[in-house]
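In: give me a model of this one.
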Amino acid sequence: MKNKKKTEFYFGFPVEGRGDPTKRPKEKGVALLVALLCTAMVLLFLAEMKISSSVANRLALGNHLNAKAEYIAKSGANLAVFLLTADLAIELTAFELSPDAKFPPIWNMLNGLPIGGETLELMTSMQESFDLSKVNDSKVLDQLKQFDGSFVLNIEDESSKININYCGVGNGIKCMTMLEALFACPAEREFLERKKVVSGELITAIRDYIDVDDRPDPKAIYSSEEDPYGDDANDVFPKNARFDSVDELRNILGWDHEIHKIFSPYLTVYPIPKTTVKQSTLFVNFNSAGRELLGCLLPKANQECAEKSAIYANNQEEIDPPTTFAGVKSVLQEQYCTSSEDLAKQFTTRSDTFRITVTGQVEDQQRVVNAVIHREMPDDFDKKAEKSAVFKYLHWKML
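Out: The predicted structure is shown next:
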């Protein structure tokens with residue numbers, strides 16, 4: 001009688017006899033390697049999914065914060081316009097009460113100050129106190145409180161500088177005359193002479209670069225506007241269009257980094273309003289222009305009237321500024337030894353053009369608004385276009 005084969009069980013299931021374990025053939029472990037390989041692939045796949053998901057979330061969050069930074073920067077620009085128009089309203093009201101009244105600009109107090117929801121509480125109370133909701137949308141400040149982050153506001157008085165775009169308007173005489181006076185200042189003239197740069201040629205090159213025709217200026221020493229740029233390695237040629245930024249001056253032949261550093265603080269660039277067609281509209285605000293620029297535009301301030309003009313400039317904050325053309329003429333005659341009416345016509349007593357730079361910051365995302373606005377009462381041109389605002393955007397750019 002044959003011995004019955006003993007039934008073996010494996011994990012509770014009957015299986016064929018496995019025999020003596022000591023006599024089994026050696027197992028190669030292929031199944032174990034395959035299992036480990038599959039496990040590793042699954043882990044790599046899961047890791048890739050996690051990384052992709054994390055990157056996607058970061059991108060989505062970055063886009064979300066970027067959009068918030070853009071909106072808060074735009075809201076900051078709206079606040080800047082509000083401050084400038086409120087300043088104009090206060091100025092006009094004060095002038096009706098007393099022509100000699102002097103008020104510091106509101107916007108100057110907020111320049112460079114990070115502004116968030118808490119800071120806007122002060123602006124809201126000011127708006128209610130002065131009842132400024134009639135000239136501006138009162139909801140601007142309320143909407144800004146809904147955004148996270150903050151913005152830094154910077155408003156610059158563009159009327160205190162020379163807009164070199166006017167050198168390309170008409171014959172550009174007024175603009176070019178101002179540049180001649182700036183380059184003829186004692187220290188500036190000596191600086192240009194050391195660099196062997198002729199100021200007249202530099203001014204002519206600036207005009208030929210931005211005027212709308214391709215004919216060289218009558219004072220030019222070349223027969224074609226392109227002649228000075230023929231050997232330029234960067235292939236720079238006259239633009240025959242207005243400057244977009246002061247940095248474009250570096251395209252002018254002879255205008256290098258050192259010259260730019262010296263003169264650019266006194267120059268500015270912004271589009272000329274479409275209603276402005278006369279060269280006489282180029283003015284520099286006598287009350288806000290820097291002492292150095294005034295000294296250049298009024299040559300006698302550095303000569304026989306040097307002491308008088310210095311005393312006047314140092315005490316300017318304590319002296320009531322001139323508010324009329326007659327007042328400017330009087331100050332020029334008494335403090336700057338200047339009786340020329342043509343020199344007096346270079347100046348105005350108020351600023352109406354401002355550059356707004358707003359930097360919106362939300363966590364690590366940043367957006368910047370750069371704009372130039374011009375304040376003025378609506379004219380016939382505006383009425384035909386059905387515009388009643390007291391300001392116009394001359395330039396707007398989001399960076």
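
In: hmm, who's touching whichever strand or helix holds residue 190?
Out: Residue 190 is part of helix 186-194 when elements are defined by DSSP states H and E. For helix 186-194, the surrounding residues in contact (CB atoms under 8 Å, 6 or more residues apart in numbering) are 182-183, 198-199, 202, 259, 262-263, 296, 302. Every residue, glycine included, has its C-beta placed from N, CA and C.

In: by neighbours, which of those residues wins?
Out: Within the contacts of helix 186-194, neighbour counts (other CB atoms under 10 Å) peak at residue 296, which reaches 25 neighbours.

In: which helix or strand contains that residue?
Out: Residue-wise, residue 296 maps onto helix 291-297 under DSSP H and E.

In: pLDDT on that helix, on average?
Out: In this model, helix 291-297 has a mean pLDDT of 87.

In: which helices and strands sit right next to that helix?
Out: Other helices and strands packing on helix 291-297, by 3 or more CB pairs under 8 Å, 6 or more residues apart in numbering; DSSP states H and E, are helix 173-183, helix 306-314.

In: which stretch in these is the model least sure about?
Out: Among those, helix 306-314 carries the lowest mean pLDDT, a mean of 79.

In: in it, what's buried?
Out: Using 16 or more other CB atoms under 10 Å as the test for burial, helix 306-314 gives 309, 312-313.

In: would you list those in a markdown table and tack on distance to residue 339?
Out: As requested, the buried residues of helix 306-314 are exported to a markdown table (distance: CB to CB, whole Å):
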| residue | distance to residue 339 |
| --- | --- |
| 309 | 14 |
| 312 | 16 |
| 313 | 19 |
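
In: from those residues, which single one is nearest residue 62?
Out: Residue 62 lies nearest to residue 313 out of the buried residues of helix 306-314, by CB to CB, at 49.3 Å.

In: please verify my assumption that that closest one contacts residue 290.
Out: No. Between residue 313 and residue 290 there is no contact under CB atoms under 8 Å: 9.3 Å.

In: ranges for the helices of this protein?
Out: 30-97, 117-130, 139-144, 173-183, 186-194, 199-210, 257-263, 291-297, 306-314, 325-335, 341-344, 380-384 (DSSP state H).

In: ok, now which ones touch the residue nearest to residue 149 when sequence neighbours are not counted?
Out: Nearest residue to residue 149, sequence neighbours excluded (CB to CB, 6 or more residues apart in numbering): residue 362, at 3.4 Å. Neighbour list for residue 362: 65-66, 68-69, 72, 147-149 [criterion: CB under 8 Å, 6+ apart].

In: and for residue 259?
Out: 192, 195, 197, 202.

In: wait, doesn't the third one sit right on residue 253?
Out: No. Using CB under 8 Å, residue 197 is not in contact with residue 253; the gap is 10.0 Å.

In: these two: who's more crowded?
Out: residue 253 (19 against 16).

In: tell me the pLDDT at the closest residue to the more buried one other than its chain neighbours?
Out: Spatially, and ignoring its direct neighbours in sequence, residue 253 is nearest to residue 228 (4.4 Å; CB to CB, 6+ apart). pLDDT recorded at residue 228 is 72.

In: from what I see, residue 228 and residue 222 are in contact.
Out: Yes. Between residue 228 and residue 222 there is a contact under CB under 8 Å: 5.8 Å.

In: which one of these two is surrounded by more residues?
Out: residue 228 (23 against 17).

In: so residue 354 sits against residue 392, correct?
Out: No. Judged on CB under 8 Å, residue 354 makes no contact with residue 392 at a distance of 11.5 Å.

In: what sits in contact with each of those two?
Out: Residues touching both residue 354 and residue 392 (CB under 8 Å, 6+ apart): residue 373.

In: looking at the two, which one has more neighbours?
Out: Of the pair residue 354 and residue 392, residue 354 is the one with more neighbours under other CB under 10 Å, namely 25 against 17.

In: wait, what's in contact with the more buried one?
Out: So residue 354 contacts 84, 155-158, 372-373, 375 (CB under 8 Å, 6+ apart).

In: what is the neighbour count of the residue lying closest to residue 66 once chain neighbours are set aside?
Out: Leaving aside its chain neighbours, residue 66 sits nearest to residue 365 (4.6 Å; criterion: CB to CB, 6+ apart). Residue 365 has 19 neighbours, counted by other CB under 10 Å.

In: quick one: the closest residue to residue 292 other than its chain neighbours and residue 54, what's the gap?
Out: Leaving aside its sequence neighbours, residue 292 sits nearest to residue 266 (CB to CB, 6+ apart; 7.2 Å). Distance, residue 266 to residue 54, using CB to CB, to the nearest Å: 51 Å.

In: give me the more crowded residue out of these two.
Out: It is residue 266, of residue 266 and residue 54, that has more neighbours when counted by other CB under 10 Å, with 21 against 10.
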